[in-house]
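Participant: Sequence plus predicted model, see below.
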Amino acid sequence: MMWLPLLATAQFQQGKVRTIGTEKNINGTPLAGVVVKSQGRTNQSKSDKYGKVEIRVESNKEGHAYQLASVYKKGYELNDKALIGRKLAYSSKTPIEIVLVSSQELNRVKTEIEEKVYQQVQGKYSEAIAALNDSLQTGAVTLQKYRERVELLGKQRDLFEPLIAVMADRYAHTDFAHLDSIERRINGYIIAGEMEKADLLIAEKGNMDERIAAIQRRKELYGQADTLVMKLSEALQEQREKYEKEREDISNDLYHKYAIALAQFDPQSAGEYILLRAELDTTNIDNQLEAGAFALDYLTDINQAETYYNRALNQAEKKNGHQSEMVALCLNHLGGLFLEASRFKESLACRREALEIRKNLYGEFHTGVAACYNNLANIYYGMEKFDEAQHCADSAINVYLQNDETNLSDLADAYTTKGGIEIAKGNLSEALSFYELSVSITDSIYGAENTHSATTINNIGIIKDYMNQREGAAQCYKRALGLFQKIYGEKHPNVAAVYSNLGMLYQDMGKIDSSMICHEKALEMRLDLLGEYHEDVAISLNNIGSLFSSMKQYDVAIDFYGKALTVIDVILGNNTMRFATTLGNIGVAYYRQQNYLQAIDYFDEALKVYIQYPEQAKKEIRTMAKQEKMSYEALLASHVLTEEGKKLAQKDYEQLLIDYQSYLTNE
């Protein structure tokens, strides 16, 4: 059990799907079975028989933008095709309305409109030709003029055909649901080909020339008003620039006060200054990010930090667009926050998006891309997906080594991440090599007593502990503890992590009282800072359970293990190696109580999880299978079973030997 450095929830937009409103069915008909998918999501939603649909979107913030990627139902098409890709605003109160039209019905209506209009055009054309013929016969026009007019009329008629098709398409798509009564009648007449009736209705609204003249006058008035507003705006802009300059000056002074408070080790005042600065200008991205970092790292207030980071992300997207470095930076900050809170899926989503943005901006071999790979490695590590974590860590190191602009401290961080993954995979010597590389780089930059190496020194202590180099491990832990306390004070997750490691070391050294003090400090700190459901809390509960087990207080140990099991189930699920490890711990406690039936149940459940990780959990499977074998043997040798019970237990025991033969025979 170790600690390594670790660098938002999607909601549903309600919607309603219906058919286009027609003259006979103004509000349309609800449509079932329409598949709706939002951009950035692999899942899709389907409308029910009432046309209701829940569309998964990235944010539940009122007004936040989302986009639809597709709307599909066989035989239907979107009435407004521009709806796909359009920026829509999330609303918890107002459902989005999606209108579809039957492709068959659409083609029918378009064809009817085209035919009716074309018949009228053809009638007018025929009348014009007949009038020309009369003029030719009476000598009113010459033969040359006649030919020219006939040719012109033919061209005009031909040009009308595509125009009529476009017009028919527009009216066939008309949604009557949101038209007033007059507009419905006008549209209805035009669709029916009753153009004279439509024209009369339009005339009832007033003389068209007078209406146009009136709107032109209003346009002029608004133009004059715009000119006046522009003059006022210039004066206002001058005052605004003065205001912005004064605000920037205050912002700078607040940061200066923050820096002074930090130098004087006055975190309370520092926090007041940096948070006040963020509230002074909520549109300033840097101010929000710096306040968020302070809230997360020093105040360990995840909710407050998330507020600042979301503000920064919203402003970055508004000012720079989604495909920008500032958006990638904000996403990385949010990803780190979610990782700190063990919200792995949200963290992964943020940092994957940040990686893709930077790849699009800079290409594969950029230090920013390497940083994203390193961040992803930490997330996968937290999720116990060690192969994915190793791939990302290797990618980060590879990019850093190939880039002349690499900051050495970033490379040191990547080596630290790689070392942690090697520990998780059981490769202690490789892990130690990467950690020592990291510390040597950091020491060369900052000197031997630098705070940058605190995490890596802690992890070197872990490796030395695993290698039974107890005194060396204790020196590393104490050095790391001093450095963390120097940075963060007495109360911080990093400080708690080192206390946890010291507690385990003291337990191995037989210093039970010292071990208990360290573990209790770590647990109290973690509960206070991180809340009940956090993986670090589960680690502390497991450690205290182990300590009580070593003291032969098995009932107390089982109680602590059970609490740890609940926490792990909530944050990681019951299919993870950490869950199986805790099951095994409970099994061991029952075995030592000589409660072999209960022990067998827990060992068996642990094996079912471990066997899903045949490569990563070889040692654990072997150990657990051996524990269950010993429990069966002790149970069969005892006098607690009936004859029938012994037969059943013997059968299960023999099945265990078959199922795990390779693990039990190759110790």
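Facilitator: Structure's in. What do you need?

Participant: use CA for all of it now, contacts and neighbours both
Facilitator: Will do.

Participant: How about the secondary structure of Arg56?
Facilitator: strand (DSSP: H, G, I helix; E, B strand; the rest coil).

Participant: pretty sure it is touching Gln39, no?
Facilitator: No. Counting by CA atoms under 8 Å, Arg56 does not reach Gln39; the two are 9.4 Å apart.

Participant: Among these two, which residue is more densely surrounded?
Facilitator: Comparing Arg56 with Gln39 by other CA atoms under 10 Å, the one with more neighbours is Arg56, at 24 against 16.

Participant: Three-state assignment for the closest residue to that one other than its chain neighbours, please.
Facilitator: Distances taken as CA to CA, 6 or more residues apart in numbering place Phe12 nearest to Arg56, at 4.5 Å, with adjacent residues excluded. When classified by three-state DSSP, Phe12 comes out as strand.

Participant: Distance check, Phe12 against Ser38.
Facilitator: Relative to Ser38, Phe12 is positioned 10 Å away (CA to CA, to the nearest Å).

Participant: One more: Arg157?
Facilitator: Distance from Arg157 to Ser38, by CA to CA: 45 Å.

Participant: of those two, who's got more company?
Facilitator: Counted by other CA under 10 Å, Arg157 and Ser38 do not tie: Ser38 has more neighbours, with 22 against 16.

Participant: Ramachandran coordinates for the more buried one?
Facilitator: Torsion angles at Ser38 (phi, psi; degrees, to the nearest 10) stand at phi -100, psi 160.

Participant: Just the pLDDT for the nearest residue to it once chain neighbours are set aside.
Facilitator: Ranked by CA to CA, 6+ apart and with sequence neighbours excluded, the top spatial neighbour of Ser38 is Leu68, at 4.2 Å. With respect to pLDDT, Leu68 scores 90.

Participant: Name all residues that make contact with Leu68.
Facilitator: Residues in contact with Leu68 (CA atoms under 8 Å, 6 or more residues apart in numbering) are Val36, Lys37, Ser38, Gln39, Leu83, Ile84, Gly85, Arg86.

Participant: Phi and psi next, for it.
Facilitator: Given degrees, to the nearest 10, the pair of backbone angles that Leu68 has is phi -90, psi 140.

Participant: And the contacts of Leu68, which of them are buried?
Facilitator: Val36, Lys37, Ser38, Gln39, Leu83, Ile84 (16 or more other CA atoms under 10 Å).

Participant: Show only the entries of those found in strands.
Facilitator: Val36, Lys37, Ser38 (DSSP state E).

Participant: Mind putting those into CSV with distance to Ala580 and pLDDT?
Facilitator: Formatted as CSV, those follow (distance: CA to CA, whole Å; pLDDT from 0 to 100):
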residue, distance to Ala580, pLDDT
Val36, 39, 92
Lys37, 37, 90
Ser38, 37, 88
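
Participant: Just give me the closest of those to Leu236.
Facilitator: Ser38 (41.4 Å; CA to CA).

Participant: Wait, the closest one touches Ser45, no?
Facilitator: No. Applying CA under 8 Å, one finds Ser38 not in contact with Ser45, separated by 9.0 Å.

Participant: Now list whatever residues contact both of these two.
Facilitator: What both Ser38 and Ser45 touch, as defined by CA under 8 Å, 6+ apart, is the set Ile55, Arg56.
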